[in-house]
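Asks: This is a predicted model, with the sequence first.
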Number of protein chains: 2
Amino acid sequence: MKEKILTELRKAGDGYVSGTALCSLLGISRQAVWKNIAALKENGYQVESVASKGYRLLSEPDKMYGPDILSRIDKDCLCKQVESFECIDSTNTKVKQLAEAGAKEGLLVVAEEQTGGKGRRGRVWKSEPGIGIWMSLLLRPTLPTEQISGLTLLAALAIAGAVEKLCKLPCQIKWPNDVVVAKKKICGILTEMSTEENYIHYVVVGMGINANTLSFPDEIKETATSLFLQTGKKVDRAELTAMITQRLCAYYERFEKEGDLTSFIDEYNEKLANKEREVRIYHGMVEKCSKEDIETGVAKGIDKTGALLVEVDGQTKRVVSGEVSVRGLYGYV
Amino acid sequence: MKEKILTELRKAGDGYVSGTALCSLLGISRQAVWKNIAALKENGYQVESVASKGYRLLSEPDKMYGPDILSRIDKDCLCKQVESFECIDSTNTKVKQLAEAGAKEGLLVVAEEQTGGKGRRGRVWKSEPGIGIWMSLLLRPTLPTEQISGLTLLAALAIAGAVEKLCKLPCQIKWPNDVVVAKKKICGILTEMSTEENYIHYVVVGMGINANTLSFPDEIKETATSLFLQTGKKVDRAELTAMITQRLCAYYERFEKEGDLTSFIDEYNEKLANKEREVRIYHGMVEKCSKEDIETGVAKGIDKTGALLVEVDGQTKRVVSGEVSVRGLYGYV
């Protein structure tokens, strides 16, 4: 209900919405309107109330607030529930708990701060309060498990598209799922799933986006950046979260219907950082690879399974995510 | 500690073990011995204590009690922790929760009763109190995800072997993982896993065994039986649980080391119910298959991936678990 009230207040712009109007629009009592407005105020939304005129939205906080994010998502989107937390272990873990308890697909969990944010393979993902976007989406695909890596590519595509639109920043994708701006990484994606052999119970797509980060530690500042550092402007995190969610849900529904990535190949390859360039394929951890573990070839783009096609000595090789790392010849991208 | 005290009491047979002996054997205080004995008594173990002689085990309850099961498992077994519950949602769900919280592989969870026992694809698995074995084992394999269905076959092999040894009942396996006695099913196996793309966080092997069930409802009595119904004797559930756990852990360690099922093929095929017999392959749910969805061939045995090899019109087909059902020409097996 709070998301609907926010929508009405925003529609009115500088004007007022009367309590009576809200009651009849939303089909709730005056007391319910009052209670919901009070909850919005508690969460930092400045709402003026004038007896003869009604309610007016004066300002909104910079906050990852569930009803706010939900108010920005179209009604026909798969995402119909957004749960927000001030401080949480990890948004992926919370989604898994809710999934085990029967939550519907499309559930989105966001948090201001994660105390146990996770990167791939159990790496720690730093997530300081108030500056980033830490979001996890619950999906229950009927796809075979081997298609699930495709969802990670689609998450990268959704983030790249939303960032380009909202921040006017050109984004590229470093296969399989790093979104890069000015050759530096702006997000991490961690897809987890729970299965019964080849039958999927659920998938959690976790995304961490460096939104308003002011600086990075020395050890990663050559490879990481934030939207704020690239534009000099604070990004509206709730708006970006809503845009990413909506895009990813639409991509997901299309992917599930079509069964593979065929119709996404061109869109993805357009953003591919190393397309038609020389790349190195590392069989193993990049730092630990000896000469024999490294191949060099030209990246041609992905196929319908999400594998990267690389031309090595005149032959096309299919490189599968999770098994290798692919890098350009110079630096991280 | 309780499992060690049980072991010492059992070793003494009809004799007594002095408190002093227990103290020095286990390196604990007299008070600790006393507390642990009190806990055993609370759980139905009749322990006599005579001031001048010490402690003597008079009788043991028919109970799925963690320390009891652990006391029957060899020290070098992967399983070093057994958690038992009187009544629980589902042992698989409990293991998943403990796994998310960091539990080590080899953890076994058992329960007297499950209120939300699960079969495959979310089917309800009936688990009345006190008569069955409901057990779930936590594993953290370094195997690729496509090998995990092999664990389900190994669970069937472990159950069949343990039942044959303890109950002296000849067991067969209906591919992939039904253990059958006298052509009726005595157990269900549900393997679930949590992954990060192709990287496995953990696997839960859940097993439900019809141990001392007295009767089955009409709708399943043609296809289900219990160890009690087959032997006329109550089976020692704790003993069978320990035997299954120990076998499965040993199989698992061998499987992980070898990387595939090659060395298990002969052992499995010896127990295969329909080996060298005609079977029908149902592409889809058995009840819903029309003539075109059914193939007939001769079952030859499994290959190293756990797929069933079936000779159809002179050609060998690999039948993969999860995609099809295979049945003999007459009845369930």
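Replies: Yep, it's here. Predicted, not measured: the structure shown is a model, and the values here were computed from it. Numbering: from 1, shown residues only, chains lettered A, B, ... in the order given.

Asks: C-alpha from now on. contacts and neighbour counts both.
Replies: OK.

Asks: Go ahead and confirm A:Thr262 touches A:Ile302.
Replies: No: taking CA atoms under 8 Å as the definition, A:Thr262 is not a contact partner of A:Ile302, at 9.5 Å.

Asks: all strands for the stretch 51-200 of chain A, in order.
Replies: Counting by DSSP state E, counting those that start in this stretch, one finds strands in the stretch 51-200 of chain A at the ranges A:54-59, A:81-88, A:107-114, A:133-139, A:172-174, A:178-181, A:184-185, A:187-196, A:199-209.

Asks: So for chain B, which of the ones you listed sits nearest?
Replies: Between chain B and the strands of the stretch 51-200 of chain A, the shortest separation by CA to the nearest CA is 4.3 Å, and it involves strand A:187-196.

Asks: Residue for residue, what is the longest helix chain A has?
Replies: helix A:237-258 (DSSP state H).

Asks: Export only the CA atoms of the next helix or strand after it, formatted as PDB.
Replies: Reading on from helix A:237-258 to the C-terminus, the next helix or strand found by DSSP states H and E is helix A:265-271. Output in PDB follows, covering the C-alpha atoms of helix A:265-271 (Å, rounded to 0.1, in the frame of the first residue of the first chain):
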ATOM      1  CA  ILE A 265      23.300 -12.900 -29.000                       C
ATOM      2  CA  ASP A 266      23.400  -9.600 -31.000                       C
ATOM      3  CA  GLU A 267      22.500  -7.400 -28.100                       C
ATOM      4  CA  TYR A 268      25.100  -9.000 -25.800                       C
ATOM      5  CA  ASN A 269      27.900  -9.100 -28.400                       C
ATOM      6  CA  GLU A 270      27.400  -5.400 -29.200                       C
ATOM      7  CA  LYS A 271      28.500  -4.700 -25.600                       C
END
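
Asks: how about helix A:265-271: buried residues?
Replies: Residues of helix A:265-271 classed as buried under the neighbour-count rule (16 or more other CA atoms under 10 Å in any protein chain shown) are A:Ile265, A:Tyr268, A:Asn269, A:Lys271.

Asks: other SSEs contacting whatever helix or strand A:Ile281 lives in?
Replies: Here A:Ile281, judged by DSSP H and E, is contained in strand A:278-282. Strand A:278-282 is packed against strand A:294-302, strand A:325-328, with contacts defined by 3 or more CA pairs under 8 Å, 6 or more residues apart in numbering or on different chains; DSSP states H and E.

Asks: how about the following helix or strand past the first one against chain B, any contact?
Replies: Think strand A:294-302. Later in the chain than strand A:294-302, the nearest helix or strand by DSSP H and E is strand A:308-312. No: against chain B, strand A:308-312 shows no contacts by CA under 8 Å from any CA of the partner chain, the least distance being 16.0 Å.

Asks: The next helix or strand after strand A:308-312 - which strands sit beside it in the sheet, and in what orientation?
Replies: Proceeding N to C from strand A:308-312, the next assigned helix or strand is strand A:315-319, under DSSP H and E. Applying DSSP bridges, strand A:315-319 is found paired with strand A:308-312 (antiparallel).

Asks: now the angle between strand A:278-282 and the partner strand, please.
Replies: Strand A:308-312 and strand A:278-282 are oriented at 100 degrees to each other (axes from the mean of the first three to the mean of the last three CA atoms, to 10 degrees).

Asks: What residues of strand A:308-312 count as buried?
Replies: A:Leu308, A:Leu309, A:Val310, A:Glu311, A:Val312.

Asks: number of nearby residues for A:Lys233?
Replies: Residues near A:Lys233, counting by other CA atoms under 10 Å in any protein chain shown, number 12.

Asks: what residues are up against it?
Replies: With contact set as CA atoms under 8 Å, 6 or more residues apart in numbering or on different chains, A:Lys233 has these partners: A:Leu227.

Asks: pLDDT value on it, please?
Replies: With respect to pLDDT, A:Lys233 has a value of 94.

Asks: How about A:Asn274?
Replies: We have a pLDDT of 87 for A:Asn274.

Asks: what do you get for A:Lys317?
Replies: 91.

Asks: Find the residue closest to it in space, skipping its chain neighbours.
Replies: Spatial nearest neighbour of A:Lys317, chain neighbours left out: A:Val310 (5.2 Å); criterion: CA to CA, 6 or more residues apart in numbering or on different chains.

Asks: so who does that neighbour touch?
Replies: The neighbours of A:Val310, taking CA under 8 Å, 6+ apart as the test, are A:Gly297, A:Val298, A:Ala299, A:Lys300, A:Gly301, A:Thr316, A:Lys317, A:Arg318, A:Val319.

Asks: count of neighbours near the second one?
Replies: Pointing back at A:Val298 there. Counted with other CA under 10 Å, residues neighbouring A:Val298 total 20.

Asks: which non-adjacent residue is nearest it?
Replies: What sits nearest to A:Val298 in space, not counting adjacent residues and going by CA to CA, 6+ apart, is A:Glu278, at 4.4 Å.

Asks: do the same with the first one
Replies: In space, A:Gly297 comes closest to A:Val312 once its chain neighbours are excluded; the distance is 4.5 Å by CA to CA, 6+ apart.

Asks: cool, A:Thr191 as well?
Replies: With CA to CA, 6+ apart as the criterion, A:Thr191 has its nearest non-adjacent residue at 4.5 Å, and that residue is A:Val205.

Asks: quick one on the thing from earlier: distance check, the residue nearest to A:Gly297 against B:Leu240.
Replies: 56 Å (CA to CA, to the nearest Å).

Asks: Likewise for A:Thr262?
Replies: From A:Thr262 over to B:Leu240 the distance is 51 Å, taken as CA to CA.
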